[in-house]
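In: below are the sequence and a predicted model for it; my questions follow.
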Amino acid sequence: MYAIATLMHNVTTVWACVVAGLGSQLAAVDPAIPRVALVQGGLTEAQTAVVGAYWNVSRYDFSDWSHRKDALWSLTQYERVLYIDGDVLVLPRFDRRKVGRVFRAPPGFYAVNFSRPDYICFNAGIMLLEPSLDVYERLRAVTVGSSCGGVDQKVLTAVLTRHENIGLRVVMASHFSGDSLAKYDMYNTYNSMRSVRDVLYGVDAVHGKPHGVRKRPEMLGHVDRLYQERNDRIAASLPACRLRPVT
């Protein structure tokens, strides 16, 4: 059995709504695929209900921020897990056929390449993994990570020293080349937004537009519209998410 998973490690209603938004998109892609949200302890009952509207909620704890994704490998009830960061925007091209193709990939660990295929570092925002208690324990035992940038990437790449490109076209704001968003499967904010509230509304509180794309006006309108459509749907179905946009 396969599953799609995400993490919720920010204990705020805004982040709960962000995660619910991702879940609503994935439910529309293929409602038959289980969706699991690993939720850090401390959420209120109301926040848990927001996430639980679109995810099966499972509590977890981590020793420190760099080990927050270790628990994904403990989901051994599933043969494969597609992990997606909560602030990722699913684009229209990512459909049931595409997600099925991802899960049918040959055995191995898959992530989004940063650059050349043989580069050990990868973007950990979207990964296809095979849960394993052995890998889980090895990750938990890491005290000195690799030289890769990021927080969780240092731990993950200390154990997962080889990965294959996940085969999805993922646009990252800081690397956007000017192509149409229609050519991509997912939009990974990758530090393009300055807070979860900005992610929720697709705007930057300082610049009034997505921080990472303010020099790319051809992309701005598409991102803002797609985020707004997702947020409007969540606000309509979940009263707790009827928040005022940043101005």
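Out: Happy to help now that I have it. Numbers count the residues shown, from 1 in each chain.
In: how far away is residue 9 from residue 170?
Out: 21 Å (C-beta to C-beta, to the nearest Å). Every C-beta, even on glycine, is put in place using the N, C-alpha and C of the backbone.
In: who's in contact with the most centrally placed residue in the chain?
Out: For the chain, the residue nearest the mean C-alpha position is residue 85 (1.3 Å; C-alpha atoms, centre = their mean). Counting by C-beta atoms under 8 Å, 6 or more residues apart in numbering, residue 85 touches 6, 7, 125, 126, 188.
In: hang on, the third one in a strand?
Out: Yes - using DSSP: H, G, I helix; E, B strand; the rest coil, the assignment for residue 125 is a strand.
In: distance-wise, check the closest residue to it other than its chain neighbours relative to residue 1.
Out: Distances taken as C-beta to C-beta, 6 or more residues apart in numbering put residue 85 closest to residue 125, at 4.1 Å, once the chain neighbours are dropped. Applying C-beta to C-beta, the value for residue 85 to residue 1 is 22 Å.
In: count of neighbours near the residue nearest to residue 68 when sequence neighbours are not counted?
Out: Spatial nearest neighbour of residue 68, chain neighbours left out: residue 62 (4.7 Å); criterion: C-beta to C-beta, 6+ apart. Close neighbours of residue 62, defined as other C-beta atoms under 10 Å, add up to 17.
In: SS state for residue 62?
Out: At residue 62, secondary structure determined by three-state DSSP is coil.
In: report the separation between it and residue 155.
Out: From residue 62 to residue 155 the distance is 10 Å (C-beta to C-beta).
In: now for these two: what residues contact both?
Out: Joint contacts of residue 62 and residue 155 (C-beta under 8 Å, 6+ apart) are residue 70.
In: so how far is stretch 61-69 off the chain centroid?
Out: Chain-centre distance of stretch 61-69: 16 Å, with C-alpha atoms, centre = their mean, to the nearest Å.
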